[in-house]
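S.K.: the amino acid sequence is not available; the structure is as follows:
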């Protein structure tokens with residue numbers, strides 16, 4: 001039997017991250033995933049992945065806490081002794097505000113979580129997977145957003161800007177490690193029906209905005225997960241430095 005590869009998913013307790021965890025487990029990966037505070041939802045995700053045959057390590061860790069990021073990867077080393085893939089799904093929107101209403105604290109929180117924390121995770125993964133560092137290669141998929149292109153004006157311009165950072169890092173890192181056995185891509189989800197809208201105080205956002213999507217509906221976390229798993233797989237072996245839109249044409 002082939003040895004199972006190990007995937008780290010940040011923000012894997014719910015939403016898109018949880019969908020990635022469940023699908024990856026079903027596709028033959030062992031899983032480590034992080035969550036911030038919702039232990040009950042994380043436990044549900046852990047049980048679902050284990051039921052699919054995966055070894056699972058759930059870690060409470062905040063992407064904005066860089067020391068916690070390092071500890072999480074050390075825990076993966078201790079449990080699995082290898083790392084073959086990373087999905088950076090941890091992220092926050094911040095409050096729904098126009099730019100003139102935002103505070104420095106909002107910008108710092110969103111940029112630290114979505115940008116600096118994501119970069120730290122990528123750095124830890126490259127240290128383990130790069131053939132230049134003794135690794136055997138692997139794949140990174142960052143979760144961006146169509147907001148990085150649309151701009152988020154009137155809603156989450158701070159979030160959109162942070163996802164622009166995700167896109168730029170993805171492209172730069174992909175070219176930096178292309179000869180070290182690592183492919184780096186991102187998916188840009190559009191209007192996806194997850195809890196992130198309610199958490200930002202806009203629970204009916206998907207329903208209200210679906211008419212502006214060419215496919216006339218919001219997407220699902222599972223549809224995004226399918227794109228992520230393809231980018232992680234050998235089927236995408238010649239694909240790197242790509243930001244793949246998953247937005248129904250939006």
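M.R.: Thanks, I have the structure now. What you are looking at is a predicted structure, and each value in this text was computed from that prediction instead of being measured.

S.K.: low-confidence ranges in the chain?
M.R.: The model of the chain has pLDDT under 70 over residues 1-2, 196-203.

S.K.: please enumerate the helices of it.
M.R.: Using DSSP state H, the helices found in the chain span residues 15-26, 39-51, 66-80, 104-111, 117-129, 147-150, 157-176, 196-199, 205-209, 221-232.

S.K.: relative to helix 15-26, how tilted is the last one?
M.R.: Same thing as helix 221-232. 60 degrees (axes from the mean of the first three to the mean of the last three CA atoms, to 10 degrees).

S.K.: for helix 221-232, the distance to its chain's centre please.
M.R.: 11 Å (CA atoms, centre = their mean, to the nearest Å).

S.K.: list the buried residues for it?
M.R.: For helix 221-232, the neighbour count (16 or more other CB atoms under 10 Å) marks 221, 223, 224, 225, 227, 228, 229, 231, 232 as buried. Quick note: C-beta positions are derived from backbone N, CA and C, even for glycine.

S.K.: relative to residue 120, how far out is the nearest residue to residue 94 once chain neighbours are set aside?
M.R.: The spatially closest residue to residue 94, leaving aside those adjacent along the chain, is residue 110, at 4.4 Å (CB to CB, 6 or more residues apart in numbering). Separation of residue 110 from residue 120 (CB to CB, to the nearest Å): 15 Å.

S.K.: can you put the buried residues of helix 221-232 in TSV and add distance to residue 126?
M.R.: Shown next, in TSV, are the buried residues of helix 221-232 (distance: CB to CB, whole Å):
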residue	distance to residue 126
221	27
223	28
224	24
225	23
227	22
228	18
229	21
231	17
232	16
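
S.K.: thinking again about what came up before, out of the helices of the chain, deepest packed?
M.R.: Compared across those, helix 15-26 shows the largest average neighbour count, a mean of 25 (mean count of other CB atoms under 10 Å).

S.K.: which residues touch that one?
M.R.: 7, 9-12, 31, 33, 41, 44-45, 48-50, 52-54, 56, 85, 87, 89-90, 143, 189, 192, 194-196, 220-222, 224-226, 228-229, 232 (CB atoms under 8 Å, 6 or more residues apart in numbering).

S.K.: got phi/psi on residue 12?
M.R.: phi -90, psi 10 (degrees, to the nearest 10).

S.K.: hmm, it is touching residue 38, no?
M.R.: No: when contacts are counted by CB atoms under 8 Å, residue 12 is not listed as touching residue 38 (11.3 Å).

S.K.: among the helices of the chain, which comes closest to residue 241?
M.R.: Among the helices of the chain, helix 157-176 comes nearest to residue 241, with 3.6 Å by CB to CB.

S.K.: just checking, what packs against the closest one?
M.R.: Counting contacts by 3 or more CB pairs under 8 Å, 6 or more residues apart in numbering; DSSP states H and E, helix 157-176 packs against helix 104-111, helix 117-129, strand 138-143, helix 147-150, strand 182-189, strand 243-246.
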